[in-house]
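Enquirer: predicted model and sequence follow; I will ask about them next.
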Amino acid sequence: MYFKRIDICGFKSFAEPVSIDLSKGITCIVGPNGSGKSNVSDAIRWVLGEQSPKVLRGGKMEDVIFSGTAKRRSKGMAEVVLVIDNTSKILPIDYSEVAITRRAFRSGEGEYYINSNQCRLKDIRELIMDTGIGVDGYSLIGQGKIADIVSNKVESRREIFEEAAGIVKYRSKKAEAEKKLENTAVNLSRVNDIIAEISGRIESLKSESDIAKEYLKLNDEYKKVEVNVILKNIEDIELKNEYLKDDLVDLNVKLEEITERQATIKEEIAQGQEEQLQLEALLEEARTKKIQLLEEINSMNSDDIVRKEKLNLFEEQEARLKQEMVQLHEKLLQSNAKVEEFDEEINLIEDEITICQDQIEKKQAELEKFVSHTETLTQAIENKKERLFELHSNLAETKAESTGLQNLVETLEKKKNQLAEEEKEYEAIKKDKEEQLQELRTAIEQKSEDKKAIEKEVEKQKNEVNSIAITLKKIADELQKNKYDFANLSGRKRTIEELESNYDGYSYAVKYVMKRDFAGVHGVLADLIKVPQGFELAIETALGAALQNIVCSDEQVARNIIETLKREKAGRLTFLPLSSMRGEVSGISSEISSSSGFKGIACNCIEFDEKYKGIVQYLLGKVVIVDNLQNAIAITKKGRVNFRIVTLEGDVINTGGAITGGAYKNKTANIFERKAEIAELSDKLELLEEKNKKLQEENDIASQKQTETLYNLEELEKKLKVVQLKHFEIQNLFKQKSDELQTLNAAAQKRQTELKAIFEEEKSTKGVFEELIFKNEAISEQIEELKRELESDMAVLQESKGPEKEGVEKLAEMKVKFSEIQNRKNTKEFQAGEIKKQIKQFEESIERAKNDLQKVKSDIEELNSQSQDYRKLQEKQKEREVLEGYINEISEKRSQLFELGKNKTRAADELAEQKNSKYGLEIKLAKSESALENFKNKLWDEFEISYIQASSFRSEEINFADAQKQARILKSQIKELGSVNIGAIKEYEEVERRYEFLQNQKSDIQKAMQALRTIIEDMDTTIKVRFKESFDAIAQNFEIVFKELFGGGSAMLEMDNPQNPLESAIEIIAQPPGKKLQNINLLSGGEKTMTAIALMFAVLKAKPTPFCILDEVEAALDDGNVEKFAEYLRKFEKIQFALITHQKVTMEHADVLYGITMPEQGVSKLLSLKLEKAV
């Protein structure tokens, strides 16, 4: 492999295209300084991938493009093509000739090509890696590189060794593997975080899922049982209804019969009333005649007539009383029957009361046991608490007594000393003390007045501080509440805005389009219209899926995006191009627009930009908004309509007459409601901010006032403390002086007695003090023991309160039930009592009637006993008898008429009774029908199934005797489950699947990490082995080449850390002939260069490179050393050398010479010469 040609155009000073043919052997490129010869080496370095403008002797990459001269315009592009012969297949590419091309543009863009195929810089670097011809290899060496080799730049020196060892590719792969390992570790950490997060949720989700499954299972069982119970109840009620309807039919028949009979009686009464009028006239006439006859008889024997008349009247009264007694007895029998009926009901209720009382007494007995147990425990605890309090009191007393005794001992000691001192000072200071006491009295009075005045002011300031504190507390509470409300509202708003920004609720295709910046897209239709409050559901229903349509500028935009959606398989979308969308608005007659509930045409009920008018009219121009379905149907009745009707509740009447309506069980907030809520939340947040600002201002004012008041209060309190302290000091001083004076006034002869008593008291006190210490310890032990017992008793008491509470609640329920039964009994007793009062009244009436009847009979007997025989009056009497017979006949007809009235009354009573019975049956039937409807409604309300659908749940296995109990148990079990999240089942399955996926992914990542670690370890081993082998070979060659170039001496290469060759610095030790062995840094400039060249030749011998460019590497050498250098180049026959040089000796050894000149300022030109032909 060798370089065949290099083509340069627009690179640095090469304004015109230049082609340099590089033959095998040594090629020298020469020219004066500044002619641009080093630009050839820069061009080769650049095309091979050099990225540093500094290395290319520029400030920025744009500097490599020909910048122009006074006579030439600048170039817009630099291009270098390096053609490599690859017949030996050293480059891993299936071409015998490889052309590497690099271009740079002034716009900053760059391009790379391999054999005219565009590629990446990475591809070029991988192609030439480990061949030695890379930009960091040892095939491109200039003066700077030579200087780096002999300098302290360990990195530059290592690059040559690594390139020669062929480990650059391995290092690159190792770096990639390490980067992958790092990324994999990050991914593993991320996966672990997600797994940890899911692990925290999966248990709770599993629990919720299990509860939900149990709920569904129990609910299905409950549904099955309860539905069958309801069906059984419905069947029973329907059967009962049939019986009630039959009874109602019978009653209606009876009512018809009674009504007919009543009509007949009415007719008879009507006829009888006409006859009665005639009879009444005849009766009146007969009575008149009778009166006349009686007057005649009266003249004969007035007494007899009067007697007989009275007798007749009494007999009529007797008949009337008997009839009243019969009627009263009938009413009495009816009332007694009702009383018996009420008594039976009351007996039944009393049985219920007895049962309920027994239950209450039983529950009270149970509760009394709990209460008794609890009271016993409570009493025991209270006793122990009292005992504990007594012990604490005793302990406090004994401690106080101990302290008092200890103080007493100290006081006694002081008193002894004091008495001794007082004995000495008594007479000397007595007079002085009295004068001081008088002064102190005056001072105490003055300070007392000062203290009262300041205390009054302090109290005033304290009240002010308290008032301000209350105000601040209120403000702080309100601020805290506002902060909490603000946080809640902000969180809610952020959540909704996040849903809005993420296009939650939209299809994946909408999200795909809206999250990419497609030109010509105006947005989703739902975002381009504004719907007033109350119209959200109607507009959403009217638009339906069109809400997610995309509004774009024209058809071309729609076509481009659709192509993208197809290519990316991102879903389907409907587009609304502004350029082609046209709509029309339905004509609405005044009859329809004035209809009840008419709100308007949908496109006129919303707000939108004028440019979207065509789209909105197209979608909503033939939709009418009405308030409810009833009014919507009414509109359709007014004639044929050519528009859809949508109600505010979301019901739809299509143009063909089809009606759509209903509601979802779990309806989520729609898109418009979400936007409205965001606006509402923003308004609320603004109000809260304003309120907070106002409160904060009030808080600042109050705080400032509080600070001032507190400062004033603090100053007053300081002043008060000074006065109090002074007052206290004076009082103490006064007391002290008084005590001192009293002590001084005490008789001197008592002091010795007191001293003796003090000694005795001190001795006694110490003994008592020791006893108290022992007593304190005993009481403390009792207190600790009692505390432990109290804790145990409190725990037992707490446990017993649960059943007691439950028993109290149950007893309360029983008492409520007892009260309801008792109320029923009281009601019945009251009704029975009223009837009994009526019975009593009837009995009293009967008794009065009996008494009256008895009296009448007595009067009749009395009159009969007074009867006399009046013969003279027989004829008159007979005439009167005939007349009375006629009167009696008329009276009998009146009685018959009266009986008809009674029959009418009885018929009316019977009719009323039957009507009451019918009313009762109708009420029972209505209640039964209501119960039937309730059961059917329960089927729908509780289970959302109709009665017909419920028939499919019918099961013959259900035992109806236990079904209700089973349903209650199942319902109780469902209730015990608490709040149930049905969605947890699906969520748990999804989370579990995700958890398993993440676990598998984690396992795969861990395996991948282990594989990467293995690869890195293998690469490390390979790199170390290769580097060590290469280093040893180069070191051996270096020693030989050094001796050949220097004509003797010695040199070696060393690693400062042989155990870690990959990180070890490489030291060059050289000993030119006649000098000591020393570090290369101590050699002269020429010696350093020769040593570096020797190292370069040692590398080339160990790992020959097909091509090598040497840019003035021998510039620092004298002619003799240049000769050695040039001759040594000839030993590398298989290496193609290109030398950029000024040295004539080097030129003499060249096979081909290229001259670089600059005839035009800033523009390089090429001249070539093959020396064989020239010679």
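Expert: Great, that's in hand.
Enquirer: can you map out the helices along the stretch 851-1000 of the chain?
Expert: Taking DSSP state H, counting those that start in this stretch, the helices of the stretch 851-1000 of the chain run over residues 874-943, 947-950, 960-976, 983-1046.
Enquirer: okay, those helices in CSV with distance to Ser507 next?
Expert: Quick note: C-beta positions are derived from backbone N, CA and C, even for glycine. Output for the helices of the stretch 851-1000 of the chain, formatted as CSV (distance: least, C-beta to C-beta, whole Å):
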stretch, distance to Ser507
helix 874-943, 34
helix 947-950, 34
helix 960-976, 38
helix 983-1046, 20
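Enquirer: of all those helices, which one is nearest Val510?
Expert: For the helices of the stretch 851-1000 of the chain, the distance to Val510 is smallest for helix 983-1046, at 23.0 Å, taking C-beta to C-beta.
Enquirer: for the closest one, enumerate the helices and strands it packs against.
Expert: Other helices and strands packing on helix 983-1046, by 3 or more C-beta pairs under 8 Å, 6 or more residues apart in numbering; DSSP states H and E, are helix 154-165, helix 168-501, strand 1050-1055, helix 1085-1102, helix 1119-1129.
Enquirer: CA atoms only for the next helix or strand after the shortest one, dumped as PDB, please.
Expert: So that's strand 1050-1055. Counting by DSSP states H and E, the next helix or strand C-terminal to strand 1050-1055 is strand 1066-1071. Included here for strand 1066-1071 are C-alpha records, laid out as PDB according to Å, rounded to 0.1, in the frame of the first residue of the first chain:
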ATOM      1  CA  ILE A1066       8.200   6.400  28.700                       C
ATOM      2  CA  GLU A1067      11.700   7.800  29.400                       C
ATOM      3  CA  ILE A1068      14.500   8.100  26.800                       C
ATOM      4  CA  ILE A1069      18.000   7.500  28.200                       C
ATOM      5  CA  ALA A1070      20.800   8.300  25.800                       C
ATOM      6  CA  GLN A1071      24.700   8.200  25.900                       C
END
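Enquirer: against which helices or strands is strand 1066-1071 packed?
Expert: Strand 1066-1071 sits against helix 154-165, strand 1050-1055, strand 1078-1079, helix 1085-1102, with contacts defined as 3+ C-beta pairs under 8 Å, 6+ apart.
Enquirer: which of these has the lowest mean pLDDT?
Expert: Of all the helices and strands packed on strand 1066-1071, mean pLDDT reaches its minimum on strand 1078-1079 (a mean of 66).
Enquirer: where does Thr27 land in three-state SS?
Expert: When classified by DSSP: H, G, I helix; E, B strand; the rest coil, Thr27 comes out as strand.
Enquirer: who's it bridged to?
Expert: Thr27 has the following beta-bridge partners by DSSP bridges: Ala1138, Val1152.
Enquirer: quick check, it in contact with Ala1150.
Expert: Yes - at 6.5 Å, Thr27 counts as touching Ala1150 under the criterion of C-beta atoms under 8 Å.
Enquirer: what's the overlap in contacts for these two?
Expert: Common neighbours of Thr27 and Ala1150 (criterion: C-beta atoms under 8 Å, 6 or more residues apart in numbering): Leu1139.
Enquirer: flag the shaky bits of the stretch 251-400 of the chain, pLDDT-wise.
Expert: 269-322, 324, 328, 331, 370-371, 375, 382, 385-400 (pLDDT under 70).
Enquirer: err, the stretch 501-650 of the chain, not the other one
Expert: Residues of the stretch 501-650 of the chain that meet the cut-off, pLDDT under 70, sit at 501-502, 504-505, 640.
Enquirer: strands of that one, start to end?
Expert: 521-524, 529-530, 550-552, 575-577, 598-601, 607-608, 623-626, 644-647 (DSSP state E, counting those that start in this stretch).
Enquirer: give me the contacts around the last one.
Expert: For strand 644-647, the external contacting residues (C-beta under 8 Å, 6+ apart) are 538, 541-542, 602, 622-629, 631-632, 635-636, 652-655, 661.
Enquirer: cool, and the fifth one?
Expert: Contacts to strand 598-601, defined as C-beta under 8 Å, 6+ apart, come from residues 535, 585-586, 588, 592, 605, 620-621, 623-627, 631, 635, 643, 648.
Enquirer: can you list the domains in the protein?
Expert: Here the domain assignment for the chain is 1-138+1108-1175, 548-647, based on automatic domain parsing.
Enquirer: any chance of these in a markdown table with mean neighbour count and distance to Thr1021 as columns?
Expert: Below are those laid out as a markdown table (neighbours: other C-beta atoms under 10 Å; distance: least, C-beta to C-beta, whole Å):
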| stretch | mean neighbour count | distance to Thr1021 |
| --- | --- | --- |
| domain 1-138+1108-1175 | 18 | 17 |
| domain 548-647 | 16 | 45 |
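Enquirer: among those, which is nearest Glu260?
Expert: Of all the domains of the chain, domain 548-647 comes closest under C-beta to C-beta, at 47.1 Å.
Enquirer: where does pLDDT dip in the stretch 651-800 of the chain?
Expert: For the stretch 651-800 of the chain, applying pLDDT under 70 flags the ranges 664-672, 740-753, 755, 758, 761, 765-766, 769, 797-800.
Enquirer: which residue ranges of it form strands?
Expert: 652-653, 659-660.
Enquirer: packing partners for the first one?
Expert: Counting by 3+ C-beta pairs under 8 Å, 6+ apart, the packing neighbours recorded for strand 652-653 are helix 629-636, strand 644-647, strand 659-660.
Enquirer: now do 7 Å
Expert: Strand 652-653 sits against strand 644-647, with contacts defined as 3 or more C-beta pairs under 7 Å, 6 or more residues apart in numbering; DSSP states H and E.
Enquirer: for the strand it packs on, output the C-alpha coordinates as PDB.
Expert: Listed in PDB are the C-alpha atoms of strand 644-647, where the atom choice follows Å, rounded to 0.1, in the frame of the first residue of the first chain:
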ATOM      1  CA  ARG A 644     -79.000  18.600  13.100                       C
ATOM      2  CA  ILE A 645     -80.300  19.600  16.600                       C
ATOM      3  CA  VAL A 646     -78.000  19.300  19.600                       C
ATOM      4  CA  THR A 647     -79.100  20.000  23.100                       C
END
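Enquirer: okay, now the sheet partners of it, with direction.
Expert: Neighbouring strands of strand 644-647 in its sheet, by DSSP bridges, are strand 623-626 (parallel), strand 652-653 (antiparallel).
Enquirer: how about residues contacting the longest one?
Expert: For strand 623-626, the external contacting residues (C-beta atoms under 7 Å, 6 or more residues apart in numbering) are 535, 538, 542, 588, 597-602, 605, 632, 635, 643-648.
Enquirer: again, only using 8 Å
Expert: Applying C-beta under 8 Å, 6+ apart, the contact partners of strand 623-626 are 535, 538, 542, 586, 588, 592, 595, 597-603, 605, 632, 635, 643-648.
Enquirer: before we move on, the earlier item: and among the helices and strands packed on strand 1066-1071, the most buried is which?
Expert: Comparing the helices and strands packed on strand 1066-1071 by mean neighbour count (mean count of other C-beta atoms under 10 Å), helix 1085-1102 comes out on top with a mean of 22.
Enquirer: now the angle between strand 1050-1055 and that one, please.
Expert: Calculated by axes from the mean of the first three to the mean of the last three C-alpha atoms, to 10 degrees, helix 1085-1102 forms an angle of 70 degrees with strand 1050-1055.
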